[in-house]
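Trainee: sequence first, then the predicted structure, then my questions.
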Amino acid sequence: MDRGVGAAVGLPESGRKELAIQALAGTETLSDLAAQHGVSRKFVYQQTQKASAALDAAFSPAVRDDEVLFELAVTKTWLRQVIVALTLICRSSYRGVVEFLRDLLGLPVSLGQVHDVLQAATRQASVVNDEPDLSGIRVGLHDEIFQGATPVLAGVDAASTYCYLLVTEQRRDADTWGVHLLDAGERGLRPDYTIADAGQGLRAGQQAAWGDTPCHGDVFHIQRQGEGLANTLSRLATGATTRRKTLQAGI
């Protein structure tokens, strides 16, 4: 390693600051400063530039709140991106998106327009989601979640948390699960085993689609039931303790 490079690496922040101050003062040449600190002229010049930029930023005039920072070209494509971003990133409702576009951009849109944009984005995302090869997934996590009263069949890779199945259905029986697992199997999904709750439709559908692929039980529901039982026993114990103290005080 070059001696100048090694010295520059070992120079603390306070030393670099002092070096930059001396260079800006102009009382000594860059060559002399480099020789004194055992660094290269290039290093001294870099520290000088950093210090100069910091001074420029400190003494630059403050930007007024109403000053234009930049201009943005608003296109239909950009507006569709804003609608999707407000919904997915900001968790906005349809009406919230309508109010944002109306109040900040002066653009009137209807709830139906917002719905159409999101449905179009969903169709595009579905095409993208159908492309990845799922053969690398070794453990699948399956469950049934609900959007209101509508079942949503879900499948997640345990290692990466990649969601390879997320679809709304009217039923969650064995046939419905089996069809979606067969479709996923055509994309290479055949895990060593899966983990799921005791849902009969889920387990029967997996057996119909993948034969003897094991489906192990999860621990979430057992833990949840255990926590509920522990809370109940704790409340009973607290009540019994209170009654004992009351009786003891009376005695």
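Mentor: Right, received. Where do you want to start? As the structure is a prediction and not an experimental result, all values here were calculated from the model. Residues are numbered from 1 along each chain as shown.
Trainee: confirm that R171 sits in a strand.
Mentor: No: R171 sits outside any strand when classified using DSSP: H, G, I helix; E, B strand; the rest coil, being coil.
Trainee: with adjacent residues omitted, what lies nearest to it?
Mentor: Take R171 and drop its neighbours on the chain: the residue closest to it by CB to CB, 6 or more residues apart in numbering is P151, 7.1 Å away. Any C-beta I mention is one placed from the backbone N, CA and C, and that applies to glycine too.
Trainee: the strand or helix carrying the one you found - what's its average pLDDT?
Mentor: Applying DSSP states H and E as the criterion places P151 in strand 150-157. On average, the pLDDT along strand 150-157 is 95.
Trainee: just stretch 189-199 next, same as before
Mentor: For stretch 189-199, the mean per-residue pLDDT is 94.
Trainee: that one: how far from the chain's middle?
Mentor: With CA atoms, centre = their mean, to the nearest Å as the basis, stretch 189-199 stands 25 Å off its chain's centre.
Trainee: check which residues of it are buried.
Mentor: Under the neighbour-count criterion of 16 or more other CB atoms under 10 Å, stretch 189-199 has L189, R190, P191, T194, I195, A196, G199 buried.
Trainee: would you put the C-alpha positions of that stretch in PDB?
Mentor: C-alpha atoms of stretch 189-199 as PDB (Å, rounded to 0.1, in the frame of the first residue of the first chain):
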ATOM      1  CA  LEU A 189     -43.800 -25.400  -7.100                       C
ATOM      2  CA  ARG A 190     -43.400 -28.700  -5.400                       C
ATOM      3  CA  PRO A 191     -42.100 -28.100  -1.900                       C
ATOM      4  CA  ASP A 192     -40.600 -30.700   0.400                       C
ATOM      5  CA  TYR A 193     -43.500 -30.000   2.800                       C
ATOM      6  CA  THR A 194     -46.000 -27.300   3.700                       C
ATOM      7  CA  ILE A 195     -47.200 -25.800   7.000                       C
ATOM      8  CA  ALA A 196     -50.800 -24.900   7.600                       C
ATOM      9  CA  ASP A 197     -53.600 -25.000  10.100                       C
ATOM     10  CA  ALA A 198     -56.200 -27.700  10.400                       C
ATOM     11  CA  GLY A 199     -58.400 -26.400   7.500                       C
END
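Trainee: who's in contact with it?
Mentor: With CB atoms under 8 Å, 6 or more residues apart in numbering as the test, stretch 189-199 has contacts from 134-135, 137-144, 158, 164, 172, 181, 202-203, 206, 210, 213-218, 220-221.
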